[in-house]
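J.: What follows is a protein structure lacking sequence information:
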């Protein structure tokens, strides 16, 4: 029996629209060409270590993350480097990338491609953290924070629990759901790997109750792992936000501006746990990920295993192609995802979904004056006052925005979602965050 | 590939709440009160509600169209809400032209002059009512008896004081309540609303039905009416316990007069109530306290209107001082 | 009746007199001595409190001016919108000779209009350049292009900037622009520059109408009139005054060196150089321009 838990304040419940929950993961055919961005993660972009004309295999290192917060990038296909140049990122900016023409599908020899489950963990904690860095593993939930950095616990900080995020509270997305169903044991071994790296005795997994099959599968298999507990969580957005998840499962509150480390936790996504399993047990760097390609207009929507660097257009084609009435293509889920300006944007390590919205679905009502209904205050999971922050941002009162803790905003979008006046609350709050950061930097220097 | 993609900030989905759905939801919630007033006071009550609503809508339209030169937004229903509430807040004895004046003041002065929907510091309907009380004291304090001349449109009908009025008179004359007990309605009569008073204030039952609907649609927070009425009951209860001969019991105070309508429909007005939950609790407690003080100690028999208007003035201060609890501020570690 | 009137008049009058005394005492007690010159100088300033001088409003500048006048040196202080006229007047007031300040104007450095750089996406959201800029690359795919949303128009305290609905771009009205710099601060893409108005009555000035630092091929993909960094203008100018420099695939004309001869304008293959006058048309270059336009 699992216990129902949730975070204490705020939250919304958008229509779940998990259209692809029953679609098994299928591998997407290799594209002709991949554009692998060198900066797919938070932090400094990797530096290219290949040149035009180089032959690469699947798993060959092509970019080295040299800064403290950075990540390695590997070739996700075999073929020839066409150019070390630029490619569009999800916002349409041109960023450094390696473009590879695909020839065959030849893997680096050290990668264990057999499906056998390897449960025995021989690597030491230091080795694990080291190899996570080498394999270029980043947070697979969407933010793409380099995972190894989380595991370098600073002196004086005590970590006692590893929190695994299987919540997937974003509507439409089902990638993690399918992973938990189809790769249950691998994920659990992956969690054991991460647990060992962190040297903690307890790992907890949070899964929203709208995935009963995943909860059951994980609970059953977890019975063999005495240190792993599974918790069913209330279906409430943003249950999967790091701080909300910790509060829901462990009842610990991460103070504003602090990290989970400060309350003795490290949070990782189930996808990250699987990537860790592949890396440590199978020697396989992060080269592909499961992406939910979905939308009401896609007849063959589903969960696709896609090599990083594959253009969105390719995935959309496989799912049924662009219908005429599609207006918006979103990288990620509908609450926090980014609308992309171009279909040639490549899939990155952090792309959890590709969502197509039709004109009708993407249509926005006119913005009308705030009626002070206070719903935005009510739904904010951080306890901010979005209506006030929007007002302050419109008159550019950045100091006051800072005083009202605008930087604590987790950008979950609940306020804009609920606003009956259709005010662009989050747009202005995001702008405030940028400006407040600028202001702080200016006053620091 | 051919179509132009739309780019916008997240989130990309929206809830079904709109200003329109909220305001028309309140209108629906007001229908039971409307029905009750029609049953109690007859055709004239229906007329009055239609007149004030139409006057409010027309005022807002004219101001937006011709003074502000903007696209009129009267279809959002907020003016209709103000109009209905204004009618429910006054006596059936008030002539129609006075109702129109009240509506023009409510929308023109209390709402549009401050910038329109959402920016008015005071509840427009209550400003309208307060304006009429000072301007037309005779008609505003003439209370019709129920179920007399149901179909008459005229105002020449038997009138008298409201139950609260009778108590206030008795207190002033030093008469014990037992002496006028026969003149006072029973709690059941108060609950059903077969009593004298302003049009919407008579039936507590109708207000409760509307309130339940608004709670179900999540149009109002529960804490406001509960704390309002609770505070009112608490303070009147203390007085009643000490001197039941001079003061009415708390249930009487909740059911009589405008406490029900005020606490469910007027103190919960979004634009003029605080944004945080804590703030709303303080606001409602203040409303209850002031209502009790005016009723028990003040010169007026009824105090809901002024209690809410006074508390409206404190809303910016409450919003500034009582903020929602921050996540991470009651930190564990 | 009369008694009542007298009593109320007396009592109210008495209360009023009492308050008047209290107010007078307080105002005398807590009087703040202010240099009367500050007020007078403030009167001479335009009074729009634009902040372009770097002080909080006109009275702030006036205070600084008075202080500076007492120390004997008012150079370094100026009122950009008021210009030399105002400063001359203030100089006379203090008995200083004011050096004439250069008349300047805000110049937009982008040619990404709807026809030159057609929209590739549709932006949905608040009409704010700052927000669109932080959201994505922009409507026409050029990361340096104007976003067509008019933050500059709103920021301009003189209504000297109007968004042209046909091009999508803002236009500076020279008669109204005081070069206060509000648009420079408002534009998230740094498209405005305060440049000298230029020689003569015709205000002859030449500038590179682009901020794109991408390689030429990429820049051209999004915009017909992007600077592609070919360097032709630099070569032409090198023989004259060396006013044009090239950095990151982008040319820049130093307004203080430029003599507004206009010879660089026709050599630009993408028409990325703008001039306020009809540039000379050398035969050879003329043909080239005609080709690109065709």
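T.: Nice, thanks for sending it over. Keep in mind it's a predicted model, so treat the numbers as computed, not measured.
J.: Around chain C, which positions in chain B sit nearby?
T.: Listed as neighbours of chain C in chain B under the rule C-beta under 8 Å from any C-beta of the partner chain: B:4-9. From N, CA and C alone the C-beta is placed, and that goes for glycine too.
J.: pLDDT value on the residue most central in space within chain C, please?
T.: The residue lying closest to the centre of chain C (C-alpha atoms, centre = their mean) is residue C:181, at 3.3 Å. On the pLDDT scale, residue C:181 is placed at 86.
J.: ok, it touching residue C:52?
T.: Yes. If you go by C-beta atoms under 8 Å, residue C:181 and residue C:52 touch, sitting 5.0 Å apart.
J.: so what's in contact with those two at the same time?
T.: Residues touching both residue C:181 and residue C:52 by C-beta atoms under 8 Å, 6 or more residues apart in numbering or on different chains: residue C:80.
J.: low-confidence ranges in the stretch 1-150 of chain C?
T.: For the stretch 1-150 of chain C, the stretches with pLDDT under 70 are C:1, C:74-76, C:97-102.
J.: all helices for it, in order.
T.: Under the criterion DSSP state H, counting those that start in this stretch, helices of the stretch 1-150 of chain C are mapped to C:2-29, C:36-44, C:57-71, C:83-94, C:129-135.
J.: Over to the stretch 101-250 of chain A?
T.: Here the stretch 101-250 of chain A has its helices, by DSSP H, counting those that start in this stretch, at A:125-134, A:147-150, A:175-182, A:184-198, A:212-222, A:242-250.
J.: got it, and the stretch 1-150 of chain B?
T.: Along the stretch 1-150 of chain B, counting by DSSP H, counting those that start in this stretch, helices occupy B:19-41, B:43-62, B:78-88, B:96-104, B:124-135, B:137-140.
J.: which stretch in the ones you listed is the model least sure about?
T.: With a mean of 79, helix B:137-140 has the lowest mean pLDDT of the helices of the stretch 1-150 of chain B.
J.: where's it relative to the chain centroid, distance-wise?
T.: Distance of helix B:137-140 from its chain centroid, counting by C-alpha atoms, centre = their mean, to the nearest Å, is 19 Å.
J.: number of nearby residues for residue B:297?
T.: By other C-beta atoms under 10 Å in any protein chain shown, 10 other residues sit near residue B:297.
J.: next one: residue A:166
T.: For residue A:166, the neighbour count with other C-beta under 10 Å is 27.
J.: now the residue in chain A that chain C sits nearest to: how far from residue C:216?
T.: The nearest approach of chain A to chain C comes at residue A:92, 3.2 Å away (C-beta to the nearest C-beta). Using C-beta to C-beta, to the nearest Å, we find residue A:92 at a distance of 19 Å from residue C:216.
J.: Which one's more surrounded, the two?
T.: Neighbours were counted for residue A:92 and for residue C:216 using other C-beta under 10 Å; residue A:92 has more, 23 against 16.
J.: which residues touch that one?
T.: Listed by C-beta under 8 Å, 6+ apart, the contact set of residue A:92 reads A:340-342, A:345, B:7, C:121, C:136-138, C:141, C:143.
J.: out of the residues of chain B next to chain C, which touch chain A?
T.: Contacts with chain A within the residues of chain B next to chain C, counted by C-beta under 8 Å from any C-beta: B:5-9.
J.: With distance to residue A:324, neighbour count and pLDDT as extra columns, can I get these in a markdown table?
T.: Formatted as a markdown table, those follow (distance: C-beta to C-beta, whole Å; neighbours: other C-beta atoms under 10 Å in any protein chain shown; pLDDT from 0 to 100):
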| residue | distance to residue A:324 | neighbour count | pLDDT |
| --- | --- | --- | --- |
| B:5 | 13 | 21 | 91 |
| B:6 | 14 | 22 | 92 |
| B:7 | 19 | 27 | 92 |
| B:8 | 20 | 24 | 92 |
| B:9 | 25 | 27 | 91 |
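J.: Which of the three states applies to residue A:43?
T.: With DSSP: H, G, I helix; E, B strand; the rest coil as the basis, residue A:43 sits in coil.
J.: so it touches residue A:66, yeah?
T.: No. Using C-beta under 8 Å, residue A:43 is not in contact with residue A:66, being 10.6 Å away.
J.: higher neighbour count, those two?
T.: The residue with more neighbours, out of residue A:43 and residue A:66, is residue A:43; 17 against 11, by other C-beta under 10 Å.
J.: Not counting sequence-adjacent ones, nearest residue to that one?
T.: Once flanking residues are discounted, residue A:43 sits nearest to residue A:69: 3.3 Å by C-beta to C-beta, 6 or more residues apart in numbering or on different chains.
J.: again with residue A:287
T.: That would be residue A:76: by C-beta to C-beta, 6+ apart, it lies 4.1 Å from residue A:287.
J.: can you count the residues close to whatever residue of the stretch 101-250 of chain C ends up closest to chain A?
T.: Ranked by C-beta to the nearest C-beta, the top residue of the stretch 101-250 of chain C for proximity to chain A is residue C:137, at 3.2 Å. Applying other C-beta under 10 Å, we find 25 residues neighbouring residue C:137.
J.: separation between it and residue B:252?
T.: Applying C-beta to C-beta, the value for residue C:137 to residue B:252 is 68 Å.
J.: Next: residue B:162.
T.: From residue B:162 across to residue B:252, the span is 12 Å (C-beta to C-beta).
J.: In contact with residue 104, which residues?
T.: In the absence of a named chain, chain A is used. Counting by C-beta under 8 Å, 6+ apart, residue A:104 makes contact with A:78-79.
J.: The intended chain is chain B.
T.: Counting by C-beta under 8 Å, 6+ apart, residue B:104 makes contact with B:55, B:59.
J.: that older thread, which of the contacts of residue A:92 lies closest to residue C:106?
T.: Of all those, residue C:138 has the smallest distance to residue C:106: 20.8 Å, by C-beta to C-beta.
J.: Was I right to think the closest one contacts residue C:132?
T.: Yes. Residue C:138 is in contact with residue C:132 according to C-beta under 8 Å; the separation is 6.7 Å.
J.: burial measure for residue 235, as a count.
T.: I'll assume chain A. Using other C-beta under 10 Å, residue A:235 has 17 neighbouring residues.
J.: Actually, chain B is the one I wanted.
T.: Neighbours of residue B:235 under the rule other C-beta under 10 Å: 20.
J.: Report how many residues lie close to the residue nearest to residue C:119 when sequence neighbours are not counted.
T.: Closest residue to residue C:119 apart from its sequence neighbours, by C-beta to C-beta, 6+ apart: residue C:139 at 4.8 Å. If you count neighbours by other C-beta under 10 Å, residue C:139 ends up with 26.
J.: Many thanks, I have nothing further to ask.
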